[in-house]
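**Q** Provided below for reference: sequence and predicted model.
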Amino acid sequence: MARKLIFFLPIAVFVIIGGYFFWGLDPERNPSDIPSVMIDKDVPVFDLPRLNGSGVVGFDNEDLKQGTVTLVNAFASWCLPCLAEHPILTELAKRNGIRLYGINYKDKPDDAAAWLREHGNPYARIGADSSGRVSIDWGVYGVPETYIVDGEGRIRYRHIGPIDTAAVEEIILPLINELNK
Amino acid sequence: MSAEIGQFALILALLVSMVQSSLPMIGAAKGNSTWIALSRPSAILLFALIVLAFAALTQAFVTSDFSVATVFRNSHSAKPMLYKISGVWGNHEGSMLLWVLILTGFGAAVAGFGKNLPPTLQARVLSVQAMITLGFLAFLIFTSNPFERMFPAPLDGRDLNPLLQDPGLAFHPPMLYAGYVGFSIAFSFAVAALIEGKVDAAWARWVRPWTLAAWITLTAGIALGSWWAYYELGWGGWWFWDPVENVSFMPWLMGTALLHSAIVVEKRDSLKVWTILLAILTFSLSLIGTFIVRSGLLTSVHAFATDPERGLFILVLLAIAIGGSLLLFALRAPALTSGGLFSPISREGGLVLNNLLLTVATFVVFVGTLGPLLLEATGTKISVGTPYYNAVFVPLMVPLVAVMAVGPMMPWKRAELGAVLSRLKFAGFMTVVAVLVTAYLQDGGPVLAIAAIGFAAWLFVGALVEWAERVKLFRLPLADSLNRAIKLPRAAHGMTLAHAGMAVAIAGMTGSAAWKTEDIRITRPGETIEVAGYSYLFEGLKPVEGPNYRAEEGTFIITKDGEFIAKLTPQRRLYNVQNMPTTEAGIHTTGLEDLYVVVGDPDGRGGWTTRIYHEPLVPWIWAGCLIMVLGGTVSLSDRRLRVGAPVRSKRWQAKSGTGGLGAQA
């Protein structure tokens, strides 16, 4: 009997592998997703100047170590998904009182300022990263990207692409609440 | 009109494959000879219909009929004719049609050449083959129709991905597919044998030529692909352990194992269950490879459009084909009885070790390719690269290569290891010489690389010694030896060539891995760069105009000790339609080494990024593959593989078993 069971081994292995294949076909799954190596590390050393015409000042890495949780969002006026997440970010900043800083990624200051005038400015501070160098240090590989930085200036979470209400409810708000405890 | 003809041909083919996959199978079970006889004409008709469909698609590409969506997305009127034709399979829909074309082509070949097959076996083989065809035709027609029309027809097409516009890659997919799909015949034979409940020497002899043919084309296909990566991608590398490369390599490893285990079934009536399993697994790996490439399951440099819905369809096909055949295996294989016993030290023992190592090697590649996916399901993301394969795959190859020289010298059933090794004294001596010479030339260079060269020499000389012994070279007058060589079965020459080719390829891989030097810098016209003893004078760039691209062509004059060696003209191309830059490396080969030059982006201050590689022994990789392919072809031409296996008496088998004449590739 045991000898006969061995002959079922190949199909058993195949069924298991096939199950994984089925799981892997999930259209939500993106095999190119790369987890950030910056998680739980200090934010890189940087000093971003203010964005002219935005009406708020710039910020550096020391500003993120003041004991308050900060949401840092990389955006650009030329980026359509950024516009899509803009109302959600605005609501997070206005209603939930979360401190929101912006990194203006590879943008022209005039365009960015006009964009903020048109759609509103939820950012408490905005640093202009016209060359994109600082964003590279953060590990940004496309806008929009959003980071949660804890009070000690450590990156705790990275969100790639526009944030949606599901991400806010399920990940961002719970994590911020936990960090604020 | 031609697109509609192609469409009708596909639909008709679907219907024919339904008939062929059911009636002959039932006929074979019930003994209905009319239904059995149906399989042959139907296999040929099926092939004819797919040829018609393929011709229709080719015509659409050649005449640039942009009302056909596939043509619009992958062709352009200004493209050279060669790439209009290769564009037929340079896309998802067309490549699947090519897949089916080859599948039915092999089926028709079994119908045409398999006259000496028992009719029921042939009917069952063709029936299984038609089941696979049915699945893929349904996939083609329902999810990836190559003949979809667009209205209104666009004025011009979007062009083929420029990286694919290359002579090497024009022939890579057909070769690779012929290999992948060729293993379907071994699979169909295995399933048919499980249904019949009979595996014998004759069965193995019928399976071997098909397996060998598939192995030859797969070897050539993989070699072409890596050659293309080498000169077109401009990194100076030839193998990247990319998932898509791996999925073509796994069937190759398994197929190589199958090729060798089928010999044991044929000669010694042993290892039957294992051989059946290998035949199923080899084709299963081909199917899984197709699935992985088409479904977007893994990321890869190979940028085919992927679609999860298509992936699900193929997964269902996989479940039916692989699951079904393995279930059949689980139920029927225990009934297969095994014959000939043998001691661990024997020809069979060597072949078993070969199988074991190749199977483990396949497993290692499988884990490296799909392991990240399995781990991702548990929430961890990893990527597997060259260090993993160097640490795990390479150590497996060491015993394999060591045994490869010894195995063919051993007689069947029982061998004296000492006696065999003493016949390999000369090979051992030459190994030491090769190691010493390499160590001297490379100043004691990496120890592992020198050892690898030693193994290559061992295998190469070992293969030649075995051949020389057979023809009694230097022991008989030369004319007598020549006479013996002519009388030697072609499969024996084939094996010597294939094993020697492997040795040459190993030396090439070692050389490129261990002694490659590269120089990357900004160079201005007039500057000279020294790399590995050669001087490269960068003369400058000039614009060049191609049929569907513009290029900047750099000129490099290579000299050594003041003597002119070569003039290389690498290009940076910009393809007009897709606005995509590609690099064309300039390569000069001396047969022992490649001098490889790539010109990159300008720095805006009068200089250009130049990359110069010195690649010792790299040409040997493809020379080795070519020799392997040649060996396989010579072996395939062996008369014994074309005539049906005679039913031999037990006594004759025993005699040939100990005679050491059973030459195998």
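**A** Received it, and whenever you're ready, just let me know what you need.
**Q** for the stretch 501-650 of chain B, what spans make up the helices?
**A** B:619-636, B:639-642, B:650-659 (DSSP state H, counting those that start in this stretch).
**Q** try chain A
**A** Secondary structure of chain A by DSSP state H: the helices cover A:2-6, A:9-24, A:80-94, A:109-119, A:133-138, A:165-167, A:173-180.
**Q** Same check on the stretch 51-200 of chain B?
**A** Counting by DSSP H, counting those that start in this stretch, the helices of the stretch 51-200 of chain B are B:69-74, B:81-86, B:92-113, B:119-143, B:167-196.
**Q** So which bits of the stretch 501-650 of chain B are right by chain A?
**A** Not one residue of the stretch 501-650 of chain B sits near chain A, judged by C-beta under 8 Å from any C-beta of the partner chain. Where C-beta positions appear, they are placed from N, C-alpha and C, glycine not excepted.
**Q** shaky segments in the stretch 501-650 of chain B?
**A** Across the stretch 501-650 of chain B, the ranges flagged by pLDDT under 70 are B:640-650.
**Q** For chain A, what's its nearest residue on it.
**A** Taking C-beta to the nearest C-beta, chain A has its nearest neighbour within the stretch 501-650 of chain B at residue B:604, 15.8 Å off.
**Q** ok, the closest residue to residue B:581 other than its chain neighbours - how many residues close by?
**A** Using C-beta to C-beta, 6 or more residues apart in numbering or on different chains and skipping residues adjacent in sequence, the residue nearest residue B:581 is residue B:574, 5.2 Å away. Residue B:574: 16 surrounding residues under other C-beta atoms under 10 Å in any protein chain shown.
**Q** Residue B:574 contacts residue B:549, correct?
**A** Yes: here residue B:574 reaches residue B:549: they are 6.1 Å apart, a contact under C-beta atoms under 8 Å.
**Q** what's the residue closest to the geometric middle of chain A?
**A** Against the mean C-alpha coordinate of chain A, by C-alpha atoms, centre = their mean, the closest residue is residue A:146 at 2.2 Å.
**Q** show me the residues around it that make contact.
**A** A:71, A:72, A:73, A:74, A:85, A:89, A:158, A:159, A:163, A:172 (C-beta atoms under 8 Å, 6 or more residues apart in numbering or on different chains).
**Q** what's near enough to touch the second one?
**A** Counting by C-beta under 8 Å, 6+ apart, residue A:72 touches A:43, A:64, A:100, A:101, A:102, A:103, A:138, A:146, A:147, A:148, A:149.
**Q** tell me the contacts of the residue of chain A found nearest chain B?
**A** Using C-beta to the nearest C-beta, the single residue of chain A nearest to chain B is residue A:11, 3.8 Å away. Contact analysis of residue A:11 by C-beta under 8 Å, 6+ apart lists B:323, B:326, B:327, B:329, B:330.
**Q** Mind doing that once more with 10 Å?
**A** A:18, B:322, B:323, B:324, B:325, B:326, B:327, B:328, B:329, B:330, B:331 (C-beta atoms under 10 Å, 6 or more residues apart in numbering or on different chains).
**Q** for the lowest-mean-pLDDT helix or strand in chain A, packing partners?
**A** Sorting the helices and strands of chain A by mean pLDDT, DSSP states H and E puts helix A:2-6 at the bottom, at a mean of 77. Packed against helix A:2-6 by the contact rule (3 or more C-beta pairs under 10 Å, 6 or more residues apart in numbering or on different chains; DSSP states H and E) you find helix B:324-332.
**Q** and with 6 Å instead?
**A** Packing partners of helix A:2-6 (3 or more C-beta pairs under 6 Å, 6 or more residues apart in numbering or on different chains; DSSP states H and E): none among the helices and strands.
**Q** on that earlier part again, okay, and the beta partners of the residue nearest to residue B:581?
**A** For residue B:574, the beta-bridge assignment (DSSP bridges) gives partners residue B:550, residue B:581.
**Q** coming back round to it: list the beta-bridge partners for the residue nearest to the centre of chain A.
**A** Residues in beta-bridge contact with residue A:146 (DSSP bridges): residue A:73, residue A:159.
**Q** Check the gap between it and residue A:164 for me.
**A** Residue A:146 sits 11 Å away from residue A:164, taking C-beta to C-beta, to the nearest Å as the criterion.
**Q** Let me know the closest of the contacts of residue A:146 to residue B:426.
**A** Nearest to residue B:426 among these: residue A:158, at 62.9 Å, using C-beta to C-beta.
**Q** quick one on the thing from earlier: give the buried subset of the contacts of residue A:146 as a ChimeraX selection command.
**A** Command for ChimeraX, covering only those of these found buried under the criterion 16 or more other C-beta atoms under 10 Å in any protein chain shown:
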select /A:71,72,73,74,85,89,158,159,163,172
